[in-house]
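Colleague: Quick one: sequence plus predicted model below, questions after.
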Amino acid sequence: MPYDPLAHVDADIRERAARIGLLCLDVDGTLTDGRLYFDSDGSELKSFSVLDGQGLTLLRRFGFQVALITARHSVVAQKRGAELGLETHIGVKDKLSCMDALAARHGLDRERTAFVGDDLPDLDCLRAVGLAVAPANAHPWIAEIVHWRTRARAGEGAVREVCDVLLAAQGHVETLLRGAHAHDGSRA
């Protein structure tokens, strides 16, 4: 049976996903597994899924706006965002204001914005957007208020699952499967 990203989401999520033009994401606990690693020199290390990176790259190719918004000051997150060509906002104290400014700059409102987050610093954004998503292993307080929880855990393809649902809900899967836009030789 072919993979259908929409098979495991209800009609409400499909409708919400069909309207999205801007995807904003927290970093730690969404694009990563939420663990912080430091080497003996104090340099931060993070692990990112290439599946998530490919999904975000595909969204951008199909005209979605994508941004990372994180409260932590993280050189690693900044580098990953730059590598994927994403708008990256590091050390953000007020994520909701940042997200609203991004949406306004792209001519979008909150209903056309999705946010992926996992814990209390993401609460305001998750309550405000048209599609609020949490990874499978998000904190229970967050999991209770989002529209949808992914099957995948953070750092293990949860963001790719979101990307696939957005692409499918907006009718881009057939184009992807024909090979157009699927791969440009770069690594996600």
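Modeller: Thanks, I have the structure now.

Colleague: only C-alpha atoms for contact and neighbour calcs from this point on.
Modeller: Fine.

Colleague: pLDDT on the strand or helix carrying Ala101, on average?
Modeller: Taking DSSP states H and E as the criterion, Ala101 maps to helix 95-105. The predicted model assigns helix 95-105 a mean pLDDT of 98.

Colleague: Then stretch 127-142?
Modeller: The model assigns stretch 127-142 a mean pLDDT of 98.

Colleague: Next, the buried residues of it.
Modeller: Neighbour-count burial for stretch 127-142 flags 127-138, 142 (criterion: 16 or more other CA atoms under 10 Å).

Colleague: In strands, which of these fall?
Modeller: Among the buried residues of stretch 127-142, the ones falling in strands (DSSP state E) are Leu131, Ala132, Val133, Ala134.

Colleague: Looking at those, spot the one nearest Thr113.
Modeller: Leu131 (6.6 Å; CA to CA).

Colleague: what's the distance between the closest one and Glu161?
Modeller: 14 Å (CA to CA, to the nearest Å).

Colleague: Can you give me every residue that contacts Asp33?
Modeller: Applying CA atoms under 8 Å, 6 or more residues apart in numbering, one finds that Asp33 lies in contact with Ser47, Arg153, Ala154, Gly155, Glu156.

Colleague: contacting residues for the residue positioned nearest the centre of the chain?
Modeller: Against the mean C-alpha coordinate of the chain, by CA atoms, centre = their mean, the closest residue is Leu25 at 4.3 Å. Leu25 is in contact with Leu31, Ala67, Leu68, Ile69, Thr70, Phe115, Val116, Gly117, counting by CA under 8 Å, 6+ apart.

Colleague: separation between the last one and Gly157?
Modeller: Taking CA to CA as the criterion, Gly117 is separated from Gly157 by 14 Å.

Colleague: out of these two, which sits in the more crowded spot?
Modeller: Gly117 (31 against 24; other CA atoms under 10 Å).

Colleague: from what I can see the more buried one touches Asp26, true?
Modeller: Yes: when contacts are counted by CA atoms under 8 Å, Gly117 is listed as touching Asp26 (5.3 Å).

Colleague: with the contacts of Asp33 in mind, which one is nearest to Val173?
Modeller: Glu156 (21.5 Å).

Colleague: Helix, strand, or coil at that closest one?
Modeller: Judged by DSSP: H, G, I helix; E, B strand; the rest coil, the three-state class of Glu156 is coil.

Colleague: which one is it nearest to, not counting chain neighbours?
Modeller: Excluding its sequence neighbours, the residue lying closest to Glu156 (CA to CA, 6 or more residues apart in numbering) is Ser49, at 6.1 Å.
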